[in-house]
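[1] everything below, folded, please.
(chains A, B, C and D)
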4 protein chains.
Amino acid sequence: MKVGVVGASGYVGGELVRLLLQHPKVELTVATSKRHEGEYLFRVHPGLRGISDMRFAGYDAEKVKSAADVVFTALPHGESTRFVPELAEGGLRVIDMSADFRLKDAEAYKTWYGYTHPATELLDRFVYAIPELNRDRIRQTRLAASPGCMAITTILAIAPLLMDHSLGLDAEHVVVDVKVGSSGSGGKPSTSTHFSERFGVVRPYKATGHRHSAEIEQALAEFSGTNTRISMSAHAVNMVRGILSTCHLFVDEVPESVALWKAYRKAYEGSFFVRLVRDKEGPFRLPDPKMLVGSNFCDVGFELETRTLRIVALGATDNLMKGAAGNAVQTMNLMCGFEESEGLRYAPLHPV
Amino acid sequence: MKVGVVGASGYVGGELVRLLLQHPKVELTVATSKRHEGEYLFRVHPGLRGISDMRFAGYDAEKVKSAADVVFTALPHGESTRFVPELAEGGLRVIDMSADFRLKDAEAYKTWYGYTHPATELLDRFVYAIPELNRDRIRQTRLAASPGCMAITTILAIAPLLMDHSLGLDAEHVVVDVKVGSSGSGGKPSTSTHFSERFGVVRPYKATGHRHSAEIEQALAEFSGTNTRISMSAHAVNMVRGILSTCHLFVDEVPESVALWKAYRKAYEGSFFVRLVRDKEGPFRLPDPKMLVGSNFCDVGFELETRTLRIVALGATDNLMKGAAGNAVQTMNLMCGFEESEGLRYAPLHPV
Amino acid sequence: MKVGVVGASGYVGGELVRLLLQHPKVELTVATSKRHEGEYLFRVHPGLRGISDMRFAGYDAEKVKSAADVVFTALPHGESTRFVPELAEGGLRVIDMSADFRLKDAEAYKTWYGYTHPATELLDRFVYAIPELNRDRIRQTRLAASPGCMAITTILAIAPLLMDHSLGLDAEHVVVDVKVGSSGSGGKPSTSTHFSERFGVVRPYKATGHRHSAEIEQALAEFSGTNTRISMSAHAVNMVRGILSTCHLFVDEVPESVALWKAYRKAYEGSFFVRLVRDKEGPFRLPDPKMLVGSNFCDVGFELETRTLRIVALGATDNLMKGAAGNAVQTMNLMCGFEESEGLRYAPLHPV
Amino acid sequence: MKVGVVGASGYVGGELVRLLLQHPKVELTVATSKRHEGEYLFRVHPGLRGISDMRFAGYDAEKVKSAADVVFTALPHGESTRFVPELAEGGLRVIDMSADFRLKDAEAYKTWYGYTHPATELLDRFVYAIPELNRDRIRQTRLAASPGCMAITTILAIAPLLMDHSLGLDAEHVVVDVKVGSSGSGGKPSTSTHFSERFGVVRPYKATGHRHSAEIEQALAEFSGTNTRISMSAHAVNMVRGILSTCHLFVDEVPESVALWKAYRKAYEGSFFVRLVRDKEGPFRLPDPKMLVGSNFCDVGFELETRTLRIVALGATDNLMKGAAGNAVQTMNLMCGFEESEGLRYAPLHPV
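    From the prediction side, this is the model:
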């Protein structure tokens, strides 16, 4: 199977390239970058030195179509809408990494992203792809929207609890407090991302109004049948890779621990990439992105607090892997009929 | 004024020593450590090399009483109850850094700390000292309990909002999501704190049941007259100093921003060490412990989210300064009639 | 091929387990740990959760011999001598990760490690294994000593220059200034490795007398025919994985850059895991361990300074990979007749 | 005494402002920035919030002269030559932070900095200011050039050894291997300093040709009477503040340790800001910039290696303090007749 990456110079694009070059079932035939056209990939993605002598191509829709059966578009929000339609028309399988095809409601793009969507007819054809939750739909689609990194981490942490209506979660006080590494915000330098200013921060860079709220609410409604109001705040912390999503959920009566186990097991039975992490002791008791570096796992876990009628549900990922490129390759595997974990069974590095 | 530190070998003890050695109105006459008796302080606290040739003394109540007018006790929880009573009897001013005299309800020590309090008669005589909120009571006491680092950071962030009853905060869904550096957990090595295991974590080490919940609830009731239920989770992040407390508060109707400004200004008018941080742009818009290293400031700020009926209130401190030793010295200044900010007006280091 | 790891609970042992579990040609049949006997491996090596349900075995020479064709011994220096002889007798292939079989001169163990070697008859049978430099000998041995992490990084950086006698390097002023992450010193907690004390250091923890000097000098003599005097200093820096070895070499006349290129190319032609890194511009111009995380590459590069008659030769590795476990698996591949890079062709993670 | 800072928006300028605002003998009357004219200083230097409501002024020579008796110029290399002459003419005391007046040989500016010096007549009037080494000359000058951060750290580490001619140091093989935090390279964002690319590096960003070589050689010649050839390499490591300079020196015969003690003591007797650090054990045995954060100390220490005929001399500083702003304020204190350590006696923060 031939695959291409449109927009291969960013961090997500680079991670896609890394995974696809090492994937046993596919051949990476084209990787585009307007800015770096003609340069070796390894000048931008130094990990690829010695691995590949490929160069960035400029973008040319016809060439991409003829070179690839599956295309990943890893472009800034608002840019994907310019490239995806012509690729999708040609019958290619497209997996879009941006937010441009995640939301079903065309109006929502104005509200959350500030633009009028120019290709609304495609919105319904895109599957919002979280293999653990809608594996079958992904198998049947040719167009997939890969979720935002904080969105997928949060959804995997709490969807099973919302899907189990017997838990009676309070849908109006769902607090999602996210801690994220720097790579999620891309490779563009600025004062905010300048090392001396970014090192050591716990910066509440998006305390309210985070755009991923929209796709989380949409997905939870789709997967659980429950409308929730997501109260999300995102913090930049002192690391490059990783997300921890701490979800504070309220109930009228705190359930037995076993009930939550069941909900998670039911949802993730047979899902290799979701691990339930809830040990009694030790430093690795609960999800922590440190334990996931380089892997496609999403760790989920929980604690219960009777006094406050609260469930704390936790999700952790490597934001470039299960939070982005890894999930997209997993999606491709399903779309192409490969084994779901093909090319993705990396154990996390530890310690790192 | 002569001062002493009992339990001077830990991080809080070391920070007290650093501040007191540089304080213009006091003389540090004794610093005790059972384990390091006879050693130079600078062998344990390397910052003091060249600053002081003092040595750790063993503990001897009589000697401490004769050497000092004010004593700081920086001992593990449960240990302070063994030392404080005899010091307090002698008429010394005592500022205790542990949790042993923070809670007023003797029963609460069983619930939260697992021990029966042996000196309950002292509990009422201790003032839970947050100068910005009970300056006058501190001026009149001889016995003060300095708050926990996460507690003071959280209380300063939200007390003004609870004190303003017109805001109508929902007291049952107060989520306090704390991110903290390593120094708050002390200097004792373990696998959890081993560098290779601790570096790069976002570890939810106390997702539920955090003991500071108790003193936060007690203090908020005292200062605001409102009983709240604090839903607290604490996370270890990749830094040594600093706390960010992200508080998610719900209301029936989101107020104007100006109403919150007023609440904070009213509470902190004239309080040098609380800064309201809420800029329109730039990397320093909201509280972040990176901007506080080495200073006694507590930065507070907020954002509003109409869609979720939510106020996000943020507090940040250097946990060893305003979160511990700095607040204690500020407390001493009030107890001794010094200018409140004496010996504490350090500008934060930046960048660091 | 069945393989075992004796001493599998440390960081090197854990990395061996991770690599061997994912290696297509071998089956990991036994992993021992005295301290953790009976526990799941993933309790100690959290990356393995979901990957393997194996448990640590206690050590039993007979069981190990019957379970495995190749054994990796990852034990503390001085311990390997107690286990290796009986394993070696049985005809097993043994790859020892400690220093116990690296040096040929039995006396050197007294000088550098402070013990009398109890199995000197084995010393000559062990090959000091750096596949890029003695591939053929490794193919023919059943006993291999895997080099120290700083040693291999340094040797790969400078051996080609010493092997080219026409460069006329001054063998008496070879300064090797090493910067290393925390994982190289293992998983045992202490004050020195306590996060609050270890974070942010540039600690010259072994400014003189570093034991790896001995094996570097021995290897350089063996591979280049030149006796050198290695002036080595090692510094702990603020990261978990990685080594940079900065080697300052002096010459009577600074050669053309092309002469050095040739020396490196000659030495490493066909060696997949050594990359020559010497770009004209950009942040990735020269070797840096950041660009190697998770990979088995050793990056080497150099700069010339005419004014000081100096060559600066640089080597970088991931200390747990090419610096330890990765090199050992590469060695196993050769010893067992597998493709040299089998199970090791991981691209580095970037950014991380 | 009224003081001003020209170029106050960079990291060195910000540190000067922080120190001067807290200095008991001076009043900061003007702080200029072309780019930030009119803005509050605390928008750029967030540590100053609550400390000062000063705003950046635009540059106007007359205004600066009338506002200040002492001016610090903290401008990029090559810029200072445009501003300093007119300030110097007016009789102001000027302390320049750039390299523009450090070198005595006008030709050297072409060689090392690539420009023709436009004000060579001033070069002799500037004192290259290291108070510990030329205190008396500083007291008598009105014009001072503050050394480069790596230069002063290195000079303080090795000058005493070169000054003691009986040690017989080999002046042609002096290797200076420097590890430095990010703040030394300023606040301008770029790909190299982008957090995701800069985090976790050990980047040999200037392996040869470092400009500070020139001023180190000049200073060592001046202070010790010995011409040395400095073989310098600089590495960026994973921290914001701090420099460690590891100096490898060769001798024909390794001296007794006590001889080196004497050399250092002789040189630094009575110098508060140089600490000799050489303990027998513990994590704080030798200089490490971690132990210096926020202080004006320079720690120096050494080890001896008989086998390699080598002295390893170590110097460590907080690069913004003793490496830049702190040393400049110390210089001002001498020039103005204040106590040398006035406004600078901060104990380092630890841990941090």
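[2] what about the strands in chain A?
    Taking DSSP state E as the criterion, chain A carries its strands at A:2-6, A:27-32, A:70-73, A:93-96, A:127-128, A:143-145, A:174-180, A:203-206, A:230-236, A:243-250, A:274-276, A:298-305, A:310-317.
[3] TSV for these, including mean neighbour count?
    Every residue, glycine included, has its C-beta placed from N, CA and C. Listed next are the strands of chain A as TSV, based on neighbours: other CB atoms under 10 Å in any protein chain shown:
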stretch	mean neighbour count
strand A:2-6	25
strand A:27-32	22
strand A:70-73	27
strand A:93-96	27
strand A:127-128	22
strand A:143-145	26
strand A:174-180	27
strand A:203-206	22
strand A:230-236	26
strand A:243-250	28
strand A:274-276	21
strand A:298-305	25
strand A:310-317	28
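[4] closest to residue B:325 out of those strands?
    Among the strands of chain A, strand A:203-206 comes nearest to residue B:325, with 24.9 Å by CB to CB.
[5] does the closest one come close to chain B?
    Yes - using CB under 8 Å from any CB of the partner chain, strand A:203-206 comes into contact with chain B via A:203, A:204.
[6] contacting residues around that strand?
    Applying CB atoms under 8 Å, 6 or more residues apart in numbering or on different chains, the external contacts of strand A:203-206 come out as A:192, A:232-237, B:244, B:246, B:283, B:286-288, B:290, B:312, B:314.
[7] okay, now the sheet partners of that strand, with direction.
    strand A:230-236 (antiparallel) (DSSP bridges).
[8] tilt between the partner strand and strand B:174-180?
    Using axes from the mean of the first three to the mean of the last three CA atoms, to 10 degrees, one finds that strand A:230-236 and strand B:174-180 are set 20 degrees apart in direction.
[9] quick check, pLDDT for residue A:89.
    Model confidence at residue A:89, given as pLDDT, is 89.
[10] picking up where we left off before, for the contacts of strand A:203-206, work out which two are farthest apart.
    A:232 and B:290 (22.2 Å).
[11] neighbours of residue A:84, how many?
    Residue A:84 has 25 neighbours, counted by other CB atoms under 10 Å in any protein chain shown.
[12] typo on my end, it should be residue A:62
    Residue A:62: 9 neighbours (other CB under 10 Å).
[13] what's the answer for the one 4 residues further on, then?
    Each residue near residue A:66 was counted by other CB under 10 Å, and the total is 12.
[14] scan chain A for its longest helix.
    helix A:149-163 (DSSP state H).
[15] average model confidence for it?
    pLDDT averaged over helix A:149-163 gives 98.
[16] mind listing what's buried along it?
    A:149-163 (16 or more other CB atoms under 10 Å in any protein chain shown).
[17] out of these, which comes closest to residue C:69?
    The closest of those, once distances to residue C:69 are taken by CB to CB, is residue A:156, at 40.9 Å.
[18] quick one, what contacts the closest one?
    Contacts for residue A:156 (CB under 8 Å, 6+ apart) come out as A:130, A:132, A:133, A:274, A:298, A:300, A:315, A:317.
[19] can we see that at 10 Å?
    Each residue near residue A:156 by CB atoms under 10 Å, 6 or more residues apart in numbering or on different chains is listed here: A:130, A:132-133, A:147, A:219, A:245, A:264, A:267-268, A:271, A:273-274, A:298-300, A:313, A:315-317, A:322, A:327.
[20] report the entries of those residues that also contact chain C.
    A:273, A:274, A:299 (CB under 10 Å from any CB of the partner chain).
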